[in-house]
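Undergrad: Turn this into a model:
(one chain, ligands or ions: 1)
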Amino acid sequence: MAETPTAIPLEKIPQHVAMIMDGNGRWALQRGLPRLAGHKAGTENLRRVIRASVEFGVKYLTIYAFSTENWGRPPEEVKGLMYILEDVIDRELNELHKEGVQLRHIGRLERLAPSLQGKVLSAIDVTKNNDRLILNIAFNYGGRDEIVQAIQRMMKDGVPPEKVTDELVSQYLYTAGVPDPDLIIRTSGELRVSNFLIWQAAYSEWYITPTFWPDFDKAEYHHALESFAQRDRRYGKVSSGELQESNA
Ligand code: FPP
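TA: The predicted structure follows:
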């Protein structure tokens, strides 16, 4: 049986992992540092997590970098997060491209500075044929906003009510064509969905850890994958083992 170097059978590796990278602020506070230092440490960690995802054989990684609600943070923090996105593209794009990572964006681009919008669009274009890992960056993203926009577009397209199905709604979301996340990891111990992929997460498995995002390392990522590999996903039905027993 094909196995990853880390001994989780490949078929048990989630195809799509999504991450709520929470706890940067508290990580910084614990060290007496400004919040932006936490986001910088979080960015360093993101680099490691992207590489680990490629190594583990994850095909889609979606990261929650900036929510539609994050505009309510202090202006210098908002500015800092915008700068981080720009800096990540400037510094990391070549390397990510070489490694076969395809960058995508989910969320509303239009509120970002035009120069940043241009960089995001150009990064998407440069990497569009890569297929080792699809990296969806949720930036200025909100799950409700995504659904509202999908409904608006369906109405504009004149979709009749009886044609509105699960599959059709999925096609109108930013994630059209992307499988729903199998596993969602949330760091820093909060037990909330925070408006992240609320449609797509209907049957996702969750892994929640008290570790702050900058400290969420490869070993713990691997542990999350091990935990996922042991789950019995029933999608509201009964497990296949139980069915066999009751039919015996
Ligand atoms: C939540 O922690 C984290 C964020 C709102 C930003 C996440 C951003 C990064 C990890 C940097 C990578 C970014 C890009 C654009 C690629 P928090 O600030 O809410 O932490 P707290 O709950 O401890 O205050």
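Undergrad: how about the residue positioned nearest the centre of the chain, phi and psi?
TA: The chain has T62 as the residue nearest its centroid, 2.0 Å off, counting by Cα atoms, centre = their mean. Taking degrees, to the nearest 10, you get phi -120, psi 130 for the backbone angles of T62.
Undergrad: pretty sure it is in contact with A138, am I right?
TA: Yes: between T62 and A138 there is a contact under Cβ atoms under 8 Å: 6.2 Å. Any C-beta I mention is one placed from the backbone N, CA and C, and that applies to glycine too.
Undergrad: Mutual contacts of the two, please.
TA: Common neighbours of T62 and A138, using Cβ atoms under 8 Å, 6 or more residues apart in numbering, are 106, 197.
Undergrad: which residues in this structure form helices?
TA: 24-30, 35-56, 75-98, 114-126, 143-156, 166-171, 218-229, 240-247 (DSSP state H).
Undergrad: would you list those helices in TSV and tack on mean neighbour count?
TA: Below are the helices of the chain laid out as TSV (neighbours: other Cβ atoms under 10 Å):
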stretch	mean neighbour count
helix 24-30	19
helix 35-56	19
helix 75-98	15
helix 114-126	14
helix 143-156	15
helix 166-171	12
helix 218-229	17
helix 240-247	9
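Undergrad: give the contact list for whichever residue of the chain sits closest to the ligand.
TA: Nearest to the ligand, among the residues of the chain, is G25, at 2.4 Å (Cβ to the nearest ligand atom). Residues in contact with G25 (Cβ under 8 Å, 6+ apart) are 35, 38.
Undergrad: any idea of the pLDDT on it?
TA: Among the per-residue scores, G25 shows a pLDDT of 97.
Undergrad: can you tell me how far it sits from L81?
TA: 12 Å (Cβ to Cβ, to the nearest Å).
Undergrad: ditto for P114
TA: 17 Å.
Undergrad: same thing with D232?
TA: For D232, the distance to L81 equals 38 Å [Cβ to Cβ].
Undergrad: and what of V148?
TA: For V148 relative to L81 (Cβ to Cβ), the value is 23 Å.
Undergrad: How about the contacts made by the nearest residue to G236 once chain neighbours are set aside?
TA: Among residues not flanking G236 along the chain, Y203 sits closest, at 7.8 Å (Cβ to Cβ, 6 or more residues apart in numbering). Y203 makes contacts with 180, 233, 235-236, as judged by Cβ under 8 Å, 6+ apart.
Undergrad: do the same with A113
TA: By Cβ under 8 Å, 6+ apart, the neighbours of A113 are M82.
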